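Asker: sequence first, then the predicted structure:
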Amino acid sequence: MLDLLLPQRCVVCGLGGAQLCAACLARLPRIEPPLCGRCGTPTAWPVRRCRECAGRRLAFASARAAVYYDDAVRAVVAAWKERALRRLAAAAVSVVIEALEPPRADVVTFVPPDPDRGLTRGHHPPRQLAEALARHWQLPLAAPLRRRAAKRQRGLSRAERRRNVAGVFDAKGTLPSSVVLVDDVFTSGATANAAASALRKAGARRVEVVTFARVVR
Ligand SMILES: [Zn+2]
Ligand SMILES: [Zn+2]
């Protein structure tokens, strides 16, 4: 409702008319292969593990994202989070659908909001993205994950992020074998890994992570 009352401007360039204009949508920096088959980092040629993930234990089998987290994508994600712009959600969904092969999986789920912050926003981009992808891929949506409050990840080092988020998730019920885990942004992978670990403990044997954007160092 809210977005109907606001003046319509592109959140990236400010042009009047659409929440994300066609030119800015077309320019969002797509992530293209070759990638690391395990953690999804762009690489010089296809590899099964890379410098980013070698030596790390990952609870997910793969991680894919549609776009690099550059300034334009940051503006899109921020507006989507803070202002609940529905058309931005639709644009993000279309970019993910165009970029990623439909996964072979039994169910789609999403990283739940931090209990402290989800309440104030009343909506949750990862859930919106997961719902739309589940519809498009004709897979059921499930919401088994619960998240306990933790310190914010922002500003923490990679090692601190992993420690901070380890153990904050758990999953209710019994999951099918193959699960797609959706989030908005893949930063260090610590959150996705902790959530995937909880899904594995609840019976999932394979977790594929799908995000709209990815931070690439
Ligand atoms: Zn624009
Ligand atoms: Zn890797």
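Answerer: Structure received. Ligands and ions are numbered 1, 2, ... in the order given.
Asker: nearest spatial neighbour of the residue most central in space within the chain, skipping sequence neighbours?
Answerer: With the centre of the chain defined as its mean C-alpha position, the nearest residue by C-alpha atoms, centre = their mean is residue 183, 2.3 Å away. Here the nearest residue to residue 183 in space, its sequence neighbours aside, is residue 111; by C-beta to C-beta, 6 or more residues apart in numbering that works out to 4.3 Å. All C-beta spots, glycine's among them, are computed from the backbone N, C-alpha and C.
Asker: now the one you found: how far from residue 46?
Answerer: Going from residue 111 to residue 46 by C-beta to C-beta, to the nearest Å gives 27 Å.
Asker: hmm, back to that, spit out the contact partners of the residue nearest to residue 183.
Answerer: Remark: with contacts taken as C-beta atoms under 8 Å, 6 or more residues apart in numbering, residue 111 is in contact with 126, 145, 147, 181-183, 191-192, 195.
Asker: go again using 10 Å as the cut-off
Answerer: Taking C-beta atoms under 10 Å, 6 or more residues apart in numbering as the contact definition, residue 111 lies against 124, 126-127, 130, 145, 147, 169, 181-185, 191-192, 194-196, 209, 211.
Asker: wait, isn't residue 33 in contact with residue 41?
Answerer: No - taking C-beta atoms under 10 Å as the definition, residue 33 is not a contact partner of residue 41, at 11.4 Å.
Asker: these two: which has the busier surroundings?
Answerer: residue 41 (21 against 9; other C-beta atoms under 10 Å).
Asker: next, count neighbours for the nearest residue to that one once chain neighbours are set aside.
Answerer: What sits nearest to residue 41 in space, not counting adjacent residues and going by C-beta to C-beta, 6+ apart, is residue 52, at 4.5 Å. Residue 52 is flanked by 18 other residues according to other C-beta under 10 Å.
Asker: these two touch, right, residue 52 and residue 214?
Answerer: No - contact status for residue 52 versus residue 214: not in contact, 11.1 Å apart, counting by C-beta under 10 Å.
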